[in-house]
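Asker: sequence unknown, structure follows:
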């Protein structure tokens, strides 16, 4: 089965049967979407999936999925487990119903049946703890074991309210994989991230990724700023327009005099790209933009080695804060274009810095450049040997 979350999908590779995946969520973050997206991804793969609702009506759950363009009723392999209607005295027409959601025994028996009959089950454990008490975690530990015995996957959405340290540790310990979903704070919440805390089926260090919610669409890994820089007439604007779903430039007589700005939706990433002007009078802007960027793409004209010193100067200005960077060896279709390895040699670039051949006007090689930079951003600093 699949995790269905950008970057995590590549890191974890799969969600093996019998495993429990927990999304450990900061209360300030809209984190329920992670478990929803995992469930919907596996519905599309044809797996039998069930969603346990204990905080809202089944109709409200379906509407919540619709916000992201996910129509649950299109899938006969989907089941709702209604552990809410009993609270308000409603009659439920769902396949699975917990008549008294405050009764731990009835809840336990129903969830065990659901786990046995489905490939993947999503529960909101924190909501159940709020109703049944912290000792309810012991019952949930039984569900984890039951899922393992039945080759089913359990996906837990756990909002980290101020529970006891014992409960927090129990939830983390009983899970095969834990993904932290949190906010970046500075007086207010400035952004959101998710990161892998552990996974017992892969050998991987903890990694964190910024994200945004897209409606419709769901979770998108978010790169707030990638800087595209390089000498005058190297092809920076062409590169920004080639990779962007939408882009704008400010130019005079065909030459960029301010910033190019583009936006990219690519492989589950949501990326904002900024292209800088190449003239030296704009150099103070490079240092300012470099402070806020997460990565740099240096575009060079492969036919004009005399511009390489200027390219190195711009690179040093924008990467002085240790930013990862990739070289786009542009205009490879023109006579006299130097090979990427020759460019590496003439610019004295380290062997572990990617130099990618491109023809930006024809969109050749541009996504390979994006792939290379994303790999550096996710996989660690390129400068480490």
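Answerer: Structure received. This one's a predicted model, so the numbers in the text were calculated from it and none came from an experiment.

Asker: Going by C-alpha atoms from here, please, whenever you check contacts or count neighbours.
Answerer: Noted.

Asker: per-residue confidence at residue 188?
Answerer: As predicted, residue 188 sits at a pLDDT of 42.

Asker: same thing with residue 302?
Answerer: At residue 302, pLDDT is 97.

Asker: Just give the number of residues close to it.
Answerer: Around residue 302 there are 27 other residues, counting by other CA atoms under 10 Å.

Asker: mind checking which helix or strand of the chain has the lowest mean pLDDT?
Answerer: Each helix and strand of the chain was given a mean pLDDT (mean pLDDT, DSSP states H and E); the minimum falls on strand 255-256 at a mean of 47.

Asker: which stretches of the stretch 101-250 of the chain aren't confidently modelled?
Answerer: Within the stretch 101-250 of the chain, the ranges that satisfy pLDDT under 70 run 184-191, 205-207, 247-250.

Asker: Swap in 50 and give it another go.
Answerer: For the stretch 101-250 of the chain, the stretches flagged by pLDDT under 50 are 185-190.

Asker: how about the residue nearest the centre of the chain, what does it touch?
Answerer: For the chain, the residue nearest the mean C-alpha position is residue 221 (3.1 Å; CA atoms, centre = their mean). Contact analysis of residue 221 by CA atoms under 8 Å, 6 or more residues apart in numbering lists 6-7, 209-212, 268-270.

Asker: Residue 179 too?
Answerer: 21-24, 194-198.

Asker: That one belongs to a strand, doesn't it?
Answerer: Yes: according to DSSP: H, G, I helix; E, B strand; the rest coil, residue 179 belongs to a strand.

Asker: Roughly how far does it sit from residue 376?
Answerer: Distance of residue 179 to residue 376, given as CA to CA, to the nearest Å: 21 Å.

Asker: Could you verify my assumption that residue 50 touches residue 76?
Answerer: No: assessed by CA atoms under 8 Å, residue 50 is found out of contact with residue 76, at 11.1 Å.

Asker: Give me the more crowded residue out of the two.
Answerer: residue 50 (26 against 11).

Asker: on that earlier part again, residue 107: which of the contacts of residue 221 is nearest?
Answerer: In terms of CA to CA, no member of these lies closer to residue 107 than residue 6, at 32.7 Å.

Asker: Does the closest one belong to a helix, a strand or coil?
Answerer: Looking at residue 6 with three-state DSSP, the answer is coil.

Asker: Contacts only, for residue 312.
Answerer: residue 347.

Asker: Confirm that it sits in a strand.
Answerer: No: counting by three-state DSSP, residue 312 falls outside a strand, being helix.

Asker: Which parts of the protein belong to which domain?
Answerer: Domain assignment for the chain by automatic domain parsing gives 8-216, 222-379.

Asker: Now do the first one: distance from first to last residue.
Answerer: In terms of CA to CA, the two terminal residues of domain 8-216 are separated by 20 Å.

Asker: quick one: residue 97 and residue 82 touch, right?
Answerer: Yes: between residue 97 and residue 82 there is a contact under CA under 8 Å: 4.8 Å.

Asker: tally of neighbours for residue 40?
Answerer: 23.

Asker: All set, thanks.
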